[in-house]
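>>> I'll drop the sequence and a predicted model, then ask my questions.
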Amino acid sequence: MARPARATRGPSTWFLFRSRRADRLASVTTFTQQIRGRGARSNRSGRYEAEAREAFDDGWTLDDEVVDTIRTTVSPEKAKVIITRNDSPDVGFNRSINPYRGCEHGCIYCYARPAHAYMGLSPGLDFESKLFFKPEAGRLLENELRNPRYTPEFIHIGGNTDPYQPQERALRVTRQVLEVLERFNHPFSIITKSALILRDLDVLASSAEKNQVRVAISITTLDRTLARSMEPRAATPERRLEAVKRLSEAGVPVVVMFAPCIPGLNDHEMEAVLERSAEAGAVGAGYVALRLPLEIKDLFQEWLASDHPDRAARVMSLVRQIRGGKDYDSQWGKRMKGEGPIAALMSRRFATARKRYGLDRPLAPLDLTQFRPPPKAGDQLALFG
């Protein structure tokens, strides 16, 4: 038997709490206006929660205090290992490091949002404001790399959430990881949409000299207004292009990711983004079609209705056309690019633009042969070199 509903007062509305029914009621805490600097328009309960919240108008909304900001909290996470392994055929790496959980950039389309449900938190506003970091990342990584059974494969940094989100300025967790990898001569790649990566240009340039690093910069639009709406706390498009330029000038190979490509919203900018990226010095490019797994499909549609009501229906129609009539298809081989005529056109356009701007040249594999654990303090030196 379901527990009786109970009401409680919250800022700017009333919320009704009730247990989830068998039909997995899609409940939501809805705010009547955009929360300043945030991407999600609600804080939907995670899929593992026993209770859900629904907003309803009690007739007093205009007299309530308006919520226009949400404070970010950052909590330490105790991790036992730092290298994550996967066997996905759809990604180009099998080892990754994620210094953070959650991401303050607040990109509404972020495929990492559903992972916050495992923490008992919402993939909506909680994902952007209740963050976790791994303070022992550097030490854990060094311990794993010193294991006599460790065999090097290149490690991707930031495969889940951005390793250069705002709190990295003070916490420097990503910096710790890069320093360890550089000392061990361990190859790695890193993806970000933050210009903060330039802070670590010294480490990246040193690794680039040994052919042990590749950087991917995500640029989804050149339109500052769209970027501010879609990726509210990420670097502006121009700052990302500047990061491409400065990294390239320092000898660091940069690949630009046009990801996600959203039909009817930013797909028309594909060629322009690749052209500007090539001019800035990028050596390669990739793209991923918009993915809407689990809670993201509702969060994304809320955002469309709020920020782009004039095109919301068309965007979702096109998204479903590349997903076999559904909001999302998670099948291997289809989830990254989609299928059908619209997806095929997207792929042809990308391949043509990539070739036109010289971004289709094969990149040399990162060098694994130089990996060596450096001697620890107190280690006995070898008698013979």
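The structure has been received and is ready for your questions.
>>> if you count neighbours, what's buried in the helix ranked longest in the chain?
In terms of residue count, the longest helix belonging to the chain (DSSP state H) is helix 341-356. Buried residues in helix 341-356, counted by 16 or more other CB atoms under 10 Å: 342-343, 346, 349-350, 353-354. Placement of C-beta: from N, CA and C, glycine included.
>>> so which residue is smack in the middle of this structure?
residue 161 (4.1 Å; CA atoms, centre = their mean).
>>> residue 159 - nearest residue in space that isn't next to it in sequence?
Spatial nearest neighbour of residue 159, chain neighbours left out: residue 96 (4.0 Å); criterion: CB to CB, 6 or more residues apart in numbering.
>>> let me see the contact set for residue 175.
By CB atoms under 8 Å, 6 or more residues apart in numbering, residue 175 lies in contact with 168, 199-200, 203.
>>> returning to what we had before: redo the buried residues of helix 341-356 as CSV? Include pLDDT and distance to residue 246.
Listed next are the buried residues of helix 341-356 as CSV, based on pLDDT from 0 to 100; distance: CB to CB, whole Å:
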residue, pLDDT, distance to residue 246
342, 97, 36
343, 97, 34
346, 97, 30
349, 98, 29
350, 98, 25
353, 98, 24
354, 98, 23
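>>> output those in a markdown table; the columns should cover distance to residue 77.
Output for the buried residues of helix 341-356, formatted as a markdown table (distance: CB to CB, whole Å):
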| residue | distance to residue 77 |
| --- | --- |
| 342 | 40 |
| 343 | 37 |
| 346 | 37 |
| 349 | 41 |
| 350 | 37 |
| 353 | 40 |
| 354 | 38 |
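>>> ok, so of those, who is nearest residue 333?
residue 343 (11.9 Å; CB to CB).
>>> burial count for the residue lying closest to that closest one once chain neighbours are set aside?
Closest residue in space to residue 343, ignoring its immediate chain neighbours: residue 322 at 4.2 Å, by CB to CB, 6+ apart. Residue 322 sits with 23 neighbouring residues when counted by other CB atoms under 10 Å.
>>> how about the residue nearest to the centre of the chain: what's its closest non-neighbour residue?
Using CB to CB, 6+ apart, the closest residue to residue 161 is residue 103 (4.1 Å).
>>> circling back: state the distance from the residue nearest to the centre of the chain to residue 115.
Distance, residue 161 to residue 115, using CB to CB, to the nearest Å: 8 Å.
>>> now for those two: what residues contact both?
With CB under 8 Å, 6+ apart, residue 161 and residue 115 have common neighbours residue 101.
>>> picking up where we left off before, tell me the contacts of the residue nearest to the centre of the chain?
98, 100-103, 110, 112.
>>> next one: residue 181
Contacts for residue 181 (CB under 8 Å, 6+ apart) come out as 141, 155, 187-188, 207, 212.
>>> narrow those to those in helices?
Within the contacts of residue 181, residues falling in helices by DSSP H are 141, 207.
>>> need the helices for the chain, in chain order.
Secondary structure of the chain, counting by DSSP H: helices at 125-129, 137-145, 168-171, 173-183, 201-209, 224-230, 237-249, 270-280, 296-307, 312-321, 341-356.
>>> what is residue 156 paired to in the beta sheet?
The partner list for residue 156 in beta bridges (DSSP bridges) reads residue 96, residue 189.
>>> how near is it to residue 313?
According to CB to CB, residue 156 and residue 313 sit 37 Å apart.
>>> report whether the expected contact of residue 187 with residue 364 is present.
No. With contact defined as CB atoms under 8 Å, residue 187 does not reach residue 364; the gap is 11.2 Å.
>>> hey, what's in contact with both of the two?
residue 211.
>>> who has more neighbours, the two?
residue 187 (23 against 8).
>>> report how many residues lie close to the closest residue to that one other than its chain neighbours.
Spatial nearest neighbour of residue 187, excluding adjacent residues (CB to CB, 6+ apart): residue 366 at 3.6 Å. Number of residues near residue 366 (other CB under 10 Å) recorded here: 20.
>>> what pLDDT does residue 366 get?
The score at residue 366 is 96. That number is its pLDDT.
>>> so what's it up against?
154, 187-189, 211-214.
>>> with the residues you listed in mind, which one is nearest to residue 288?
Of those, the one sitting nearest to residue 288 (CB to CB) turns out to be residue 189, at 15.5 Å.
>>> how about the contacts made by the residue nearest to residue 237 when sequence neighbours are not counted?
Nearest non-adjacent residue to residue 237, counting by CB to CB, 6+ apart: residue 222, 5.0 Å away. By CB under 8 Å, 6+ apart, the contact set of residue 222 is 237, 269, 272-273, 276.
>>> show me the domain layout of this protein.
With domains defined by automatic domain parsing, the chain comprises 8-63, 71-99+134-213, 219-362.
>>> what's the closest of these to residue 370?
domain 71-99+134-213 (4.1 Å).
>>> okay, now the unreliable bits of this protein?
Applying pLDDT under 70 to the chain flags residues 1-34, 50-68, 378-385.
>>> what about residue 306, distance to residue 230?
Counting by CB to CB, the gap from residue 306 to residue 230 is 12 Å.
>>> more neighbours, the two?
residue 230 (24 against 16).
>>> need the contact list for the nearest residue to that one once chain neighbours are set aside.
Spatial nearest neighbour of residue 230, chain neighbours left out: residue 108 (5.8 Å); criterion: CB to CB, 6+ apart. Counting by CB under 8 Å, 6+ apart, residue 108 touches 39-40, 230-231, 299-300, 303.
>>> coming back round to it: what about residue 156 and residue 313, which has more around it?
When neighbours are counted by other CB under 10 Å, residue 156 and residue 313 differ, and residue 156 comes out ahead with 23 against 12.
>>> can you pull the contacts of the more buried one?
91-93, 95-97, 188-191.
>>> how about a cut-off of 10 Å?
84, 86, 91-98, 188-191, 214, 216 (CB atoms under 10 Å, 6 or more residues apart in numbering).
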